[in-house]
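[1] What would the 3D arrangement of this be:
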Amino acid sequence: MCGLAAGAWLGAAEAPTKLVTLGLSPFLISLAMVAGVFVARWTLPTVMKGTGYVFFDLRAKPHLIVWAILAGALWAVANTLTVFAIRDVGISIAFPLWNTNSLVGVFWGWFFFRELRGAGWQAWLKVVGGAAAIISGATVLGLASSQPAGAASVHATTGVLAALGAGLLWGTMYVPYRKAYLSGMNPLSFVTIFTVGELITVTTLAVIFRGGFAPLLEELMRARPALFWLFLGGFCWVLGDLFQQYAAKYIGIGRGIPLSNTNQLWGLAWGALVFGELANLGGSARARILVGSLVMIAGALGISSAVAPTAEQSARREAMARESGRYGLNLRELEAAQAGDDPLARRISARRGWDILIVAGALAIFVGLAWSAERPPMAMDLRWAVALLFPTLGALAACGWMLWKRTRFS
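    Coordinates of the predicted model:
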């Protein structure tokens with residue numbers, strides 16, 4: 001459920017990056033989105049658990065702080081590459097190409113964390129078959145993007161390479177995820193530090209490639225009417241990423257990440273229905289994009305349906321024991337956290353007074369940006385946008401309630 005909900009919100013989060021077609025710099029768009037991510041990643045954990053819980057969790061596992069910052073840095077570079085990809089080949093094509101991150105995640109899950117060890121030939125067949133389907137679908141989409149009839153094909157090679165590079169970085173980013181959750185860290189604590197690496201990295205990229213702080217600030221002021229939409233995209237991304245984090249915690253990166261990559265369907269829907277990206281393509285190119293998308297999704301679902309047997313679960317416990325022994329953690333508490341319990345919550349006192357200030361500050365930022373926001377001067381079908389929002393919000397409500405009921409956001 002978390003993987004599917006992640007797909008819906010990660011897909012919706014990419015819609016504001018279409019502003020790159022209006023001439024906004026990819027670095028500026030990435031910086032504004034990450035600023036929204038930074039605000040959301042501190043606000044949501046504060047609302048759900050409180051800062052006292054988060055800081056206690058971080059103090060108990062300080063070795064994971066550097067891993068979270070590293071993961072955030074990888075995310076920031078990958079997210080910047082996706083903006084270039086969307087500019088050059090569009091959302092409909094870029095999405096499935098960077099979703100090759102699932103292949104990278106499957107490999108790292110097997111290599112570092114003993115996922116699929118002892119899984120049996122049926123699970124391996126599903127994973128290998130799913131991986132082959134993802135590669136085949138990506139190839140079909142890459143060929144479709146080079147069709148001269150498409151408006152997005154002017155820089156097709158650059159866009160395809162940017163999307164594949166983002167997939168490689170995002171796939172590697174899941175290594176710190178899994179390391180954190182085998183060590184018993186709550187996803188809400190992990191993402192709070194994760195965002196520090198994001199903000200530092202994307203700010204550094206923007207300053208370097210935009211010629212310094214002064215030009216960057218001038219560009220931000222000129223883009224002020226669009227900043228609300230980019231902040232909102234960052235906020236949506238955090239919701240999707242939180243669900244993805246819980247999926248990675250409870251079923252592993254080899255299965256959770258491919259399932260969250262159903263965001264490709266949502267990306268295709270937003271690109272084709274709301275922004276009309278497929279309008280200028282011929283029937284042959286459209287057919288390739290559709291077939292390639294369906295093949296990739298079938299591969300992802302095949303991977304995610306490879307249920308972990310008893311032998312593989314034993315291998316996972318061995319990986320957990322390794323992390324416990326390496327960092328002096330309580331193995332019994334790690335196993336409880338992996339099962340959905342929350343031992344840490346029983347040791348934390350009431351919420352802090354500054355929790356209210358954090359939430360109020362975040363709301364003030366969004367209200368201030370919304371006050372000066374303008375509708376982007378680009379073609380959009382608002383009827384389809386509203387239609388897509390209903391199932392997206394439904395996924396948030398249903399999965400959020402289930403996650404709270406079963407784990408109390410552990």
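[2] Helix or strand: which one has the spatially closest residue to Glu115 that is not a sequence neighbour?
    Nearest non-adjacent residue to Glu115, counting by Cβ to Cβ, 6 or more residues apart in numbering: Gly109, 3.8 Å away. Bear in mind the C-beta positions are built from the backbone N, C-alpha and C, glycine included. Assigned by DSSP states H and E, Gly109 belongs to helix 101-113.
[3] mean confidence for whatever helix or strand comes next after that helix?
    Counting by DSSP H and E, the next helix or strand C-terminal to helix 101-113 is helix 121-145. The predicted model assigns helix 121-145 a mean pLDDT of 74.
[4] now the very next helix or strand once past helix 121-145: how far from the chain's centre is it?
    Remark: after helix 121-145, the chain's next helix or strand is helix 156-182, criterion DSSP H and E. Mean-position distance between helix 156-182 and its chain equals 10 Å (Cα atoms, centre = their mean, to the nearest Å).
[5] quick one: helix 156-182 to helix 121-145, angle?
    Using axes from the mean of the first three to the mean of the last three Cα atoms, to 10 degrees, the inter-axis angle of helix 156-182 relative to helix 121-145 is 150 degrees.
[6] what comes up buried for helix 156-182?
    Buried residues in helix 156-182, defined by neighbour count with 16 or more other Cβ atoms under 10 Å: 156, 159-182.
[7] Low-confidence bits of the stretch 1-150 of the chain, can you list those?
    Counting by pLDDT under 70, the ranges of the stretch 1-150 of the chain that qualify are 20-22, 91-92, 141-150.
[8] centre of the chain versus the one helix or strand Glu323 maps to, how much separation?
    Assigned by DSSP H and E, Glu323 belongs to helix 310-327. Computed by Cα atoms, centre = their mean, the chain-centroid distance of helix 310-327 equals 26 Å.
[9] what's in contact with that helix?
    Contacts to helix 310-327, defined as Cβ atoms under 8 Å, 6 or more residues apart in numbering, come from residues 61, 63, 113-120, 123, 179, 182-183, 252, 308, 329-331, 334-335, 338.
[10] go again using 10 Å as the cut-off
    61-64, 109, 112-120, 123, 178-184, 252, 254, 306, 308, 329-335, 337-338 (Cβ atoms under 10 Å, 6 or more residues apart in numbering).
[11] So for that helix, mean pLDDT?
    For helix 310-327, mean pLDDT is 85.
[12] Now do the next helix or strand after that helix: everything it contacts.
    Next helix or strand after helix 310-327 toward the C-terminus (DSSP H and E): helix 331-338. With contacts defined as Cβ under 10 Å, 6+ apart, helix 331-338 is touched by 60, 181-186, 249-250, 316-317, 320-321, 323-325, 330, 341-344, 407, 410.
[13] CA atoms only for helix 331-338 - export them in PDB, please.
    Presented in PDB, the C-alpha positions along helix 331-338 are these (Å, rounded to 0.1, in the frame of the first residue of the first chain):
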ATOM      1  CA  LEU A 331      18.800  -6.300  18.300                       C
ATOM      2  CA  ARG A 332      15.500  -7.000  20.000                       C
ATOM      3  CA  GLU A 333      14.400  -3.400  19.500                       C
ATOM      4  CA  LEU A 334      15.500  -3.500  15.800                       C
ATOM      5  CA  GLU A 335      13.400  -6.600  15.200                       C
ATOM      6  CA  ALA A 336      10.400  -5.000  17.000                       C
ATOM      7  CA  ALA A 337      10.800  -1.800  14.800                       C
ATOM      8  CA  GLN A 338      11.000  -4.000  11.700                       C
END
